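[1] I need the structure of the sequence given here:
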Amino acid sequence: MDPDLLRLIILELAVAALTGLATWRYATYYFERKRLKRRTRVTAEDRLSQLEDAVDGVAREVERLGESQDFVQELLAKRLAQLGLRNPRPASDRERTPV
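    Below you'll find the model as predicted:
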């Protein structure tokens, strides 16, 4: 067999193999992205639900922190009044910030 013909056959096989590999890679990438897009629509609703739950949890914790701060503030005011260091104002006279 002629060596030039053999090189040509090998070159054609290499080009065909690389073209097939590139086509296969593109097809798997395309279908994988398509599959992920379909799945993302479903999980977006789930993620939104999780986000709402997380925001509700944070709101509850902030409310608890506010209540505990009010409690500690009243305890300190009573303690200062017992020690005679400060005359505490009645709770109705205190300024309260809106929540």
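[2] CA only for contacts and neighbour counts going forward, please
    Noted.
[3] where's residue 18, which helix or strand?
    Taking DSSP states H and E as the definition, residue 18 sits inside helix 3-83.
[4] check the offset of that helix from the chain's centre.
    Mean-position distance between helix 3-83 and its chain equals 6 Å (C-alpha atoms, centre = their mean, to the nearest Å).
[5] next, give phi and psi for residue 2.
    Its backbone dihedrals place residue 2 at phi -70, psi 130, with angles given as degrees, to the nearest 10.
[6] neighbours around it, how many?
    Residue neighbour count, defined by other C-alpha atoms under 10 Å, stands at 6 for residue 2.
[7] which stretches of this protein have low pLDDT?
    Across the chain, the stretches falling below the confidence threshold (pLDDT under 70) are 39-42, 86-99.
[8] and if we set it to 90?
    For the chain, the stretches flagged by pLDDT under 90 are 1-5, 31-48, 77-99.
[9] residue 77 and residue 67, how far apart?
    Noted for residue 77: a distance of 15 Å to residue 67, by C-alpha to C-alpha, to the nearest Å.
[10] quick one, which of the two is more surrounded?
    Regarding residue 77 and residue 67, a neighbour count based on other C-alpha under 10 Å identifies residue 77 as having more, with 17 against 12.
[11] so how far is residue 85 from that one?
    Relative to residue 85, residue 77 is positioned 10 Å away (criterion: C-alpha to C-alpha).
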